[in-house]
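In: Everything below, folded, please.
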Amino acid sequence: MSRIRQGLNYLFVKPKIEELEKIKLFLTEKEYKIFIDMDNYDKVHSIDVYLMVKKDSVLNKDEKYLKLALLHDCGKDKISLLTRIKKVLLGDKLLDTHPKLGYEKLKEIDLKLAKLILNHHKIDSNQKLKRFQEIDDRG
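Out: Have a look, this model is predicted:
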């Protein structure tokens, strides 16, 4: 059922204007440009992760993790629903490269944030990144 919900969300969900306005005030202009260019599904997912990180007693004190929540999937660009389904069923190398592509987008803007994006799926991560991964998996 959750996969069906994800598919419907991909097709129909859009971020709320008031959420986008708040994010625009939080991110730098260059970061916001990257965020706004993301697919609607990834924007909504990232906003959900951001709201959960804001509630986390450890991560909410670290601006980089709040920005990571919003930009962690920016390397996915506008991946189609079909590619996402293929990833779930068979695997897909294109989606596997999204941390590296996100790193490339952010490295000249904020290297520390870019490195967090690069490592946001790595298993041997530090405690804060592991905590982020748990939130991302729920989001």
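In: In this structure, mark out all the helices, start to finish.
Out: Ranges of helices in the chain, per DSSP state H, are 2-12, 17-26, 29-36, 40-55, 63-71, 81-89, 93-96, 98-106, 111-119, 127-138.
In: Would you mind finding the most buried of those helices?
Out: Mean neighbour count (mean count of other Cβ atoms under 10 Å) peaks for helix 63-71 among those, with a mean of 22. Every C-beta, even on glycine, is put in place using the N, C-alpha and C of the backbone.
In: In terms of secondary structure, what does that one contact?
Out: Identification of packing neighbours for helix 63-71 by 3 or more Cβ pairs under 8 Å, 6 or more residues apart in numbering; DSSP states H and E yields helix 17-26, helix 29-36, helix 40-55, helix 111-119, helix 127-138.
In: what's in contact with that helix?
Out: Outside helix 63-71, the residues within contact range by Cβ atoms under 8 Å, 6 or more residues apart in numbering are 23, 26-27, 31, 34-35, 46-47, 49-50, 52-54, 59-60, 102, 106, 110, 112-113, 116-117, 120, 128, 132, 135-136.
In: for stretch 125-138, same thing?
Out: For stretch 125-138, contacts defined as Cβ under 8 Å, 6+ apart pick out 49, 52-53, 56, 58-59, 62, 65, 68-69, 72, 116, 119-122.
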